[in-house]
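# I need the structure of the sequence given here:
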Amino acid sequence: MRILVFHNWYQQPGGEDNVVRTEMALLADRGHAVELLDADNRTIATWLSKVQTAGSVAHSPSAQKHVAEELARVQPDIVHVHNYFPLLTPAILDACRDARVPVVHTLHNFRLLCPGATLLRDGRPCELCVTGSTVNAIRYRCYRDSYAGSAAVAWMVGLHRYLHTFERQIDRFIALTDFAKSVFVRAGFPEDLIAVKPDATLDPIALYGASPSPPADGASALYLGRLSPEKGVQGLLKAWRDVPRILRVAGAGPMETLVESAARDPRERVTYLGQLSPEAAHRELAQAQFLVMPSRCYEGFGIVIIEAFAHGIPVLASRLGSMAELVDDGVTGLLFEPGDAKDLARKATWLFEHPEDARRMGLAARRVFEDRYTLERNYHRLMGIYADATQHAGQRVESSS
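Numbers count the residues shown, from 1 in each chain. Predicted structure coming up:
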């Protein structure tokens, strides 16, 4: 099968970018011809480029032309869209429609509904744009706290929802959890076009040749992810003042300075590791007693959760959205009330003080990984979705003839 993948890389690398690379390698390893058509947000560096990007974010004729040329060259059996924002734009779907090629779109976040992509406002989940107008996003400056930026992205989202661009031109959506699917269905997306397929990750045992070891009493906890407000970093640091063990923080983002400041104060018990390579992240996960995921937004999935499961360690996560679906409270980890620093501290302390229970949860998490989140299971689910999309595209072509 010839597969053309579309992805717009982020300025700050994150889980979504890693999933794209992993999935492309998975398909190539199984004999498929995989090509990538991409764009990189790091090219938006000057004032002029930012203005040009804002002006074309709803539809880029140059992107459509480029995609049409690539479709003619590659002749793919299917197109898989991961991220089109902001440089590729929804214009890529017009090119796919004209070429009559099936399209699958993974919903890594909520950008098709929410200009800010996170369904978060003032540190709390917000669903005003799920069933209401994207004008709300302008009112509350939901995109980078900017009226102008929010207006540009709200126009893109609102226009294509009004035109039903996505429902008409995408043959299968992939939601990463049942929770995420339910949000899109409430927004009016056709339920029968949304398949649920979680992300997958490499098995560290196969990759590094070392079995996950039970966490030792006295080990540290690990935060691994983007350092930004929606990830709950500030609340995590506040909570850790009441946790008598070490927190190791890995990642990069706009809150780096805050984390660095905490790491300089020995009373905070925080160690800042910076942005880690995959190998270094593996070593940290293998040594951690548990992973902390304190996000205040719904999260599209949270690939780091199943990376922790793969390493046989439990996860302490917010009782919110997809995180509450992935972490079975008391079985593969613990859940705390979102934004509640005292609850987070209390449950983190409990995990440190009950190493055998943490070990039991870690072993259960490893079993869940083996049952649900391996690359092999992911591959079979993905090929089934490709088959359904191809069939739907054929029916769509017939009905328009």
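
# ok, which stretches of the stretch 51-200 of the chain are strands?
In the stretch 51-200 of the chain, the segments counted as strands under DSSP state E, counting those that start in this stretch are 78-83, 103-107, 120-121, 124-125, 172-175, 194-196.

# Tabulate these (a markdown table), appending mean pLDDT, distance to T89 and mean neighbour count.
To be clear about C-beta, it is placed using only N, CA and C from the backbone, and glycine gets the same treatment. Output for the strands of the stretch 51-200 of the chain, formatted as a markdown table (pLDDT from 0 to 100; distance: least, CB to CB, whole Å; neighbours: other CB atoms under 10 Å):
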| stretch | mean pLDDT | distance to T89 | mean neighbour count |
| --- | --- | --- | --- |
| strand 78-83 | 98 | 11 | 25 |
| strand 103-107 | 98 | 14 | 24 |
| strand 120-121 | 94 | 24 | 19 |
| strand 124-125 | 92 | 27 | 13 |
| strand 172-175 | 98 | 18 | 25 |
| strand 194-196 | 98 | 22 | 17 |
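
# And those strands: which comes nearest A348?
Closest approach to A348 among these (CB to CB): strand 124-125, 22.1 Å.

# Okay, now the sheet partners of the helix or strand that contains L316, with direction.
Using DSSP states H and E, the element containing L316 is strand 315-318. Neighbouring strands of strand 315-318 in its sheet, by DSSP bridges, are strand 290-293 (parallel), strand 333-336 (parallel).

# CA atoms only for that strand, dumped as CSV, please.
Included here for strand 315-318 are C-alpha records, laid out as CSV according to Å, rounded to 0.1, in the frame of the first residue of the first chain:
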residue,chain,number,x,y,z
VAL,A,315,0.8,6.8,36.8
LEU,A,316,-0.5,9.5,39.0
ALA,A,317,-2.8,11.6,36.8
SER,A,318,-5.6,14.2,36.9
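
# From here on, call the first residue 504.
Shifting the count to begin at 504 puts that one at strand 818-821.

# Give me the residues contacting it.
Residues from elsewhere that reach strand 818-821, judged by CB atoms under 8 Å, 6 or more residues apart in numbering: 724, 735, 793-799, 805, 808, 811-812, 826-827, 829-830, 835-842, 847, 850-851, 854, 868.

# Can you go through the residues you listed and name the buried ones?
The neighbour count (16 or more other CB atoms under 10 Å) marks 724, 735, 793-799, 805, 808, 811-812, 826-827, 829-830, 835-839, 841-842, 847, 850-851, 854, 868 as buried among those.

# Among those, name the ones in strands.
724, 793-796, 836-839 (DSSP state E).

# and the two most separated of these?
A724 and L838 (15.3 Å).

# Format the CA atom coordinates belonging to stretch 518-536 as PDB.
Extracted in PDB, the C-alpha atoms of stretch 518-536 (Å, rounded to 0.1, in the frame of the first residue of the first chain):
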ATOM      1  CA  GLY A 518       4.200  13.500  21.900                       C
ATOM      2  CA  GLU A 519       2.300  14.000  18.700                       C
ATOM      3  CA  ASP A 520       5.400  14.400  16.600                       C
ATOM      4  CA  ASN A 521       6.800  11.200  18.100                       C
ATOM      5  CA  VAL A 522       3.600   9.300  17.300                       C
ATOM      6  CA  VAL A 523       3.900  10.400  13.700                       C
ATOM      7  CA  ARG A 524       7.400   9.100  13.400                       C
ATOM      8  CA  THR A 525       6.600   5.900  15.200                       C
ATOM      9  CA  GLU A 526       3.500   5.200  13.100                       C
ATOM     10  CA  MET A 527       5.400   5.900   9.800                       C
ATOM     11  CA  ALA A 528       8.200   3.500  10.900                       C
ATOM     12  CA  LEU A 529       5.600   0.900  11.800                       C
ATOM     13  CA  LEU A 530       4.000   1.000   8.400                       C
ATOM     14  CA  ALA A 531       7.400   1.000   6.600                       C
ATOM     15  CA  ASP A 532       8.600  -1.900   8.600                       C
ATOM     16  CA  ARG A 533       5.600  -3.900   7.400                       C
ATOM     17  CA  GLY A 534       6.400  -3.300   3.700                       C
ATOM     18  CA  HIS A 535       4.200  -0.300   2.900                       C
ATOM     19  CA  ALA A 536       5.600   2.500   0.800                       C
END
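
# Please consider this matter closed, and thank you.
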